[in-house]
Each structure stands twice: as C-alpha cells, then as structure tokens.
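**Q** got a sequence here, can you model it:
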Amino acid sequence: MQSDAMESPARDRLAVHTITTKPWGLAEAADRYAASGVSGMSVWVEAIEGMTNADVRSTLQNAGLQVPALVRGGFFCDRSDEERERRIDHNRRLIETAAEISAEMLVLVVGATPGEPLDRQRGWVRDGIEALITDANSHNVRLAIEPLHPMYAADKSCVNRMWDAREICESINDRMLGIAVDVYHTWWDPELESEIRLAGTQNTLFAFHICDWRVPTRDFLNDRGLMGDGCIDIRGIRRMVESAGFDGWNEVEIFSDEHWARDQQQFLNDIIERYADC
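**A** Numbering: from 1, shown residues only. This next block holds a predicted model:
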C-alpha cells in the first residue's frame, strides 16, 4: 500500500495489544511502546498474571500509556449452571481489574460449547452479560462483545457476526454494552457496512481492531498478518467506522508465531510503518 498523509490516521490513536508483542513482559512492552510513540496499550490478562492491579496501573502510568481495553473476558458458555455462574463471577473480578488499571472497557470473547445449539448458547451469553451490567455501570467500565470469525463457532465463540452482537446489545439496551469490530473476524461479512452504520447510530461501536488475513493462511489462530500483507481492505473498513462516528483507538492485534519469533522492536517498528500506510 502507498502512504497517503491525508488518509493516515493520527499516531495518537494508535494502540497495540500486549499479545502482539507476546515475548515482551508488561514493563518492557510499556517502555518500548511509549519510546516508539505509541499512545495506547490494550492489556491482555495473561500479561499481568502475578502482578497486583496497583503495580500494573503504575507501570502503565509511568510509561504515559492510556489503556483502551482489558482483554479478554467472557466465555459464558457451559452446560453446567454452576460453571456459568462461576464464569460470571470471574468476569466481575475482571471488571474490577479493568477499573483499577484505568482500562476503558473489557473485551468479551463470549465462548462456545461444542455440540450445543448456537441459539441456546447465545441465550447463555445474553444472560451472562445482563448479570454484569450493574457491575459495569458501577465501575464505569464498558463491555465490548467481539464477534469472532465463523471458523471459531464450534469452540471459541457462538457470536460470529455483528448482527449476533447487535441482537444481544438491543436486548439488554444499556449504554455500557457495545461491540468490538476486529477486521480479522468481520471483513468477510456482506452486511458489515450496514451493521457498522447501525452500531454508530445506536452508540455501540466501542472498539476497532486491525491486522490482516494472510493468503494462504497457514494457521487459523496464530498466523495473522501485518497490515498490508493480506487481503483485508483495512482502509475501507476504517472509513466505514469513522463515517459511523467512531473516533476511538485503532488497536493492532496480531497473533503470529512468525512475528513472535522476530526481533520485537523491529516488529513494532514495522507495525508503526504499516499503520501509517494502511
């Protein structure tokens, strides 16, 4: 892709997920992001295991980073009533963590149980999120449902289209509940533009995640591409979300065995360059 200064989004809206540079611990990632001019860091729960919330917050504040999101909660689906309740309680604790580290939202990957009807599972998801709304409001932490690509419908997410997420949002109808749009999961959807427009109208367009879909894809989990290395019209989808009124973070989220094996500073440099181009 060719660089276009008038089209390139501002660097102060660039955030990177800690999973993107997984070999770095939180403190090193925070220092490196800040030194490279990245303004935001979305924090994965795996990156803060063993740390107190106070230490996490101090690390991020010392680096001058804002926190678009804590990633990831959810996983509401299970045949056992007791297990579903346990998972709701776990999400309550994640909401508290998000508030304590000044994260704007908790991203929800809703989960799936193989062999159960998807409609039944979406009901479990709706019930689980509804049980968390009071906590979200009291802690001022938004909840963002992230639809996942249909290839994950069996065991990772029963919510695969923005339409599915919108139905849950409309059913619960609370200002703290919205949708995270990840281009990797949604680029294929023929209704994407109209759903983004609706999310803008309903004020449920909470997050925008970017990477690329490699052709061919060698691994459906850990082979995401740098922006511009695949087939997704990232610039076109960015226009859609901005036309719908989104003015939040552009969050780079890349799972890649190939890129994790590289020098992570060079990888981060490449991310920043591609962000400007794409």
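**Q** what ranges does this protein have for its strands?
**A** 14-17, 40-44, 67-74, 103-109, 142-145, 177-182, 205-210, 250-252 (DSSP state E).
**Q** alpha carbons only: can I get the longest helix anywhere in the chain in CSV?
**A** Within the chain, and with DSSP state H defining each element, the longest helix by residue count is helix 81-100. Taking C-alpha atoms only, helix 81-100 is exported to CSV below (Å, rounded to 0.1, in the frame of the first residue of the first chain):
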residue,chain,number,x,y,z
ASP,A,81,-25.4,-23.8,35.6
GLU,A,82,-22.8,-23.7,38.4
GLU,A,83,-20.0,-23.3,35.9
ARG,A,84,-21.7,-20.5,34.1
GLU,A,85,-22.3,-18.7,37.4
ARG,A,86,-18.6,-19.2,38.2
ARG,A,87,-17.6,-17.6,34.9
ILE,A,88,-19.9,-14.6,35.6
ASP,A,89,-18.2,-14.1,38.9
HIS,A,90,-14.8,-14.2,37.2
ASN,A,91,-15.9,-11.5,34.8
ARG,A,92,-17.0,-9.4,37.8
ARG,A,93,-13.4,-9.6,39.0
LEU,A,94,-12.1,-8.7,35.6
ILE,A,95,-14.4,-5.6,35.5
GLU,A,96,-12.8,-4.6,38.9
THR,A,97,-9.4,-5.1,37.4
ALA,A,98,-10.2,-3.0,34.3
ALA,A,99,-11.4,-0.2,36.6
GLU,A,100,-8.3,-0.4,38.7
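**Q** for residue 211, see how far away the residue nearest to residue 232 when sequence neighbours are not counted is.
**A** Nearest non-adjacent residue to residue 232, counting by C-beta to C-beta, 6 or more residues apart in numbering: residue 187, 4.5 Å away. C-beta here means a position set from N, CA and C on the backbone, and glycine is covered the same way. To residue 211, residue 187 is 10 Å away according to C-beta to C-beta, to the nearest Å.
**Q** same drill for the two, tell me which one is more crowded.
**A** residue 211 (26 against 19; other C-beta atoms under 10 Å).
**Q** ok, the nearest residue to residue 105 once chain neighbours are set aside - how many residues close by?
**A** Nearest residue to residue 105, sequence neighbours excluded (C-beta to C-beta, 6+ apart): residue 142, at 3.9 Å. Neighbour count of residue 142, defined by other C-beta under 10 Å: 24.
**Q** ok, back up a step: anything in contact with each of residue 187 and residue 211?
**A** residue 232 (C-beta atoms under 8 Å, 6 or more residues apart in numbering).
**Q** can I assume the residue nearest to residue 232 is in contact with residue 213?
**A** Yes - Residue 187 lies in contact with residue 213 (C-beta atoms under 8 Å); the separation is 6.5 Å.
**Q** overlap of the contact sets of the two?
**A** Joint contacts of residue 187 and residue 213 (C-beta under 8 Å, 6+ apart) are 231-232.
**Q** list the beta-bridge partners for residue 73.
**A** residue 108 (DSSP bridges).
**Q** list the residues that contact it.
**A** 90-91, 94-95, 106-109, 143.
**Q** now residue 176. Nearest residue, chain neighbours left out?
**A** The nearest residue in space to residue 176 (C-beta to C-beta, 6+ apart) is residue 136, at 4.3 Å.
**Q** who are the contact partners of the one you found?
**A** 95, 106, 142-143, 174, 176-177.
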